[in-house]
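K.L.:
This is a predicted model, with the sequence first.
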Amino acid sequence: MNASVVLFSLLLAMSPAVSAAEQADLIIRHATVVDVEKQTTRANQAVVVRGDSIVAVGDDAAIANVWKAGRRIDGSGRYLIPGLWDMHVHFGGGPELVEENKALLPLYIAHGITTIRDCSGDLPGQVLQWRDEIAEGRLEGPRLYTSGAKIEGIKPVWKGTIEVGNQDDLAAAFTRLRKDRVDFVKITDSTLTPALFLDAVRGARSNGLRASGHIPMALTVQQAVDAGISSIEHLDYAYKAGVKDEAAIAADFAAGRINRAQANQRLDAGFDRDTALAAYRGFAAKGVYVTPTLNGGRILDFLDQDDHADDPYLQYIGPKLQATYAWRVERASKASPEQIQARHQQYHQVAAVLPLLQQAGVTLMAGTDAGFLNSFNYPGIGLQDELSLFVKEGLTPAQALSAATRAGPAWFGVLDRFGSVSEGRAADLVLLDANPLQDIGATRQIATVVMRGHVYDRKALDALLAQTRDKVAAWRDAAP
């Protein structure tokens, strides 16, 4: 057998394998890929998806010459980013609101949010069920991480909690959380004693879980950090860590020498930039992340300027969920002119901490606090509002985008799977009509969402919005 015949036979034997390797489910062509980590773009790229993974990324002509797919998307003039993550959401309002909460899930997909972190409400069992149903493909929704039931004290303000009054209660709490296979632990402080709060944080770590929560006034933020808290929820606590006499204020509050209002007055007056930067560098060194949730505070602090009664987005929020907004609105409406002015000042004072955290190297996570109770802080579009505030308060668009695409995966330890448009990463993608590195508002201009490899073009995204809008309209019409 001559050499040419041998070569032809080898090529023929190899050809089926080559052909099989070239098959894919989806190719996005001629897109500009945004490298969020490097804050750069690569023009005229093709991205190949098979199943729920990206299998190739590169020069469009080279990729298109090798790969074939059942579906193609023209990304010409558009920008491809990793899926967005909202790292602080809530579901709740009681069993009668289960369906209204469930109707929120499509809103996240419609706004490019492919993953959410539920920070506990009063429907923990329902949310755990949704998490598993979404993972198994039986429920349409973003990938869902949840804390399950939060750890709290005895007879707390918040419902749906695991009440802990002693060490035995705490041990039982972790037994339940392990059984529920929670993704992290949420700890709040309405009645939980400071000592048990710290023990709960330590317990989370010893059980191989990250701890997040609200830090008791009777503790310093540093005490929570030293105990091993993994993320600080809400910018107020980061501000508190920058108060020069925070330890004295905490001690006076713990001893009953001052009440909460007096403690807050001293905190408002005691911020020190050098103290703050030193504390924040400590956060960064220990890998403690901060989820600012700016938008929720802004809405409440400026209700005197915008009562949100005519917000178009209310058409997507069920009537019973809207009713949960009332208690915060009513409380804000009773404020005096002096109190309103103080609210405005406090918002700006706390928001000014954001660029200091960035400067100190703290990883910021974008999270909205959206859901029940938190008035007019909307699931879905709330994340774009949060990112706009990040930039308004001093971050670059690239830094804001990283907080919404890379910080969440990093916190959960899955950055090798998410947060990048690259080979081997999850096929969770958002195709935008403009460059988000130049204008974070581009994250509102969504042409296509790919989630776990499934394609939602603009028509499909609009259908998701219509689906929720129609449900809300029916519930509203059926209300007595």
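P.N.:
Happy to help now that I have it.
K.L.:
what sits up against stretch 218-229?
P.N.:
194, 197-198, 201-202, 204-205, 211-213, 215, 232, 237-238, 240-241, 246-247, 250, 253-254, 279, 282-283, 286, 288 (CB atoms under 8 Å, 6 or more residues apart in numbering). C-beta: built from backbone N, CA, C; applies to glycine.
K.L.:
Please check those residues and keep the buried ones.
P.N.:
Among the contacts of stretch 218-229, the ones that count as buried by 16 or more other CB atoms under 10 Å are 194, 197-198, 201-202, 204, 211-213, 215, 232, 237-238, 240-241, 246, 250, 253, 279, 282-283, 288.
K.L.:
list the helices and strands the top helix by length along the chain packs on?
P.N.:
Counting residues, the longest helix in the chain under DSSP state H turns out to be helix 458-478. Contact here means 3 or more CB pairs under 8 Å, 6 or more residues apart in numbering; DSSP states H and E; on that basis helix 458-478 packs against helix 98-102, helix 105-110, helix 319-323, strand 446-451.
K.L.:
For Arg42, find the nearest of these.
P.N.:
Closest approach to Arg42 among those is made by strand 446-451 (17.8 Å; CB to CB).
K.L.:
now the angle from the closest one to helix 458-478?
P.N.:
Using axes from the mean of the first three to the mean of the last three CA atoms, to 10 degrees, the direction of strand 446-451 lies 90 degrees away from that of helix 458-478.
K.L.:
okay, strand 446-451 in PDB with CA atoms only?
P.N.:
Backbone C-alpha positions of strand 446-451 (Å, rounded to 0.1, in the frame of the first residue of the first chain) are rendered in PDB as follows:
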ATOM      1  CA  ILE A 446     -30.600  43.800  26.300                       C
ATOM      2  CA  ALA A 447     -31.000  42.100  22.900                       C
ATOM      3  CA  THR A 448     -30.600  38.500  24.000                       C
ATOM      4  CA  VAL A 449     -30.100  36.400  27.100                       C
ATOM      5  CA  VAL A 450     -28.600  33.000  27.100                       C
ATOM      6  CA  MET A 451     -29.100  31.000  30.300                       C
END
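K.L.:
Give me the helices and strands touching it, please.
P.N.:
Contacts defined by 3+ CB pairs under 8 Å, 6+ apart place strand 446-451 against helix 105-110, strand 429-432, strand 454-457, helix 458-478.
K.L.:
With mean neighbour count, distance to Lys471 and mean pLDDT added, can I get the helices and strands packed on helix 458-478 in JSON lines?
P.N.:
Shown next, in JSON lines, are the helices and strands packed on helix 458-478 (neighbours: other CB atoms under 10 Å; distance: least, CB to CB, whole Å; pLDDT from 0 to 100):
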{"stretch": "helix 98-102", "mean neighbour count": "18", "distance to Lys471": "8", "mean pLDDT": "98"}
{"stretch": "helix 105-110", "mean neighbour count": "24", "distance to Lys471": "10", "mean pLDDT": "98"}
{"stretch": "helix 319-323", "mean neighbour count": "17", "distance to Lys471": "11", "mean pLDDT": "97"}
{"stretch": "strand 446-451", "mean neighbour count": "23", "distance to Lys471": "20", "mean pLDDT": "98"}
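K.L.:
could I get those as a markdown table with distance to Gly228?
P.N.:
Supplementary listing: those in a markdown table, determined by distance: least, CB to CB, whole Å:
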| stretch | distance to Gly228 |
| --- | --- |
| helix 98-102 | 31 |
| helix 105-110 | 30 |
| helix 319-323 | 35 |
| strand 446-451 | 33 |
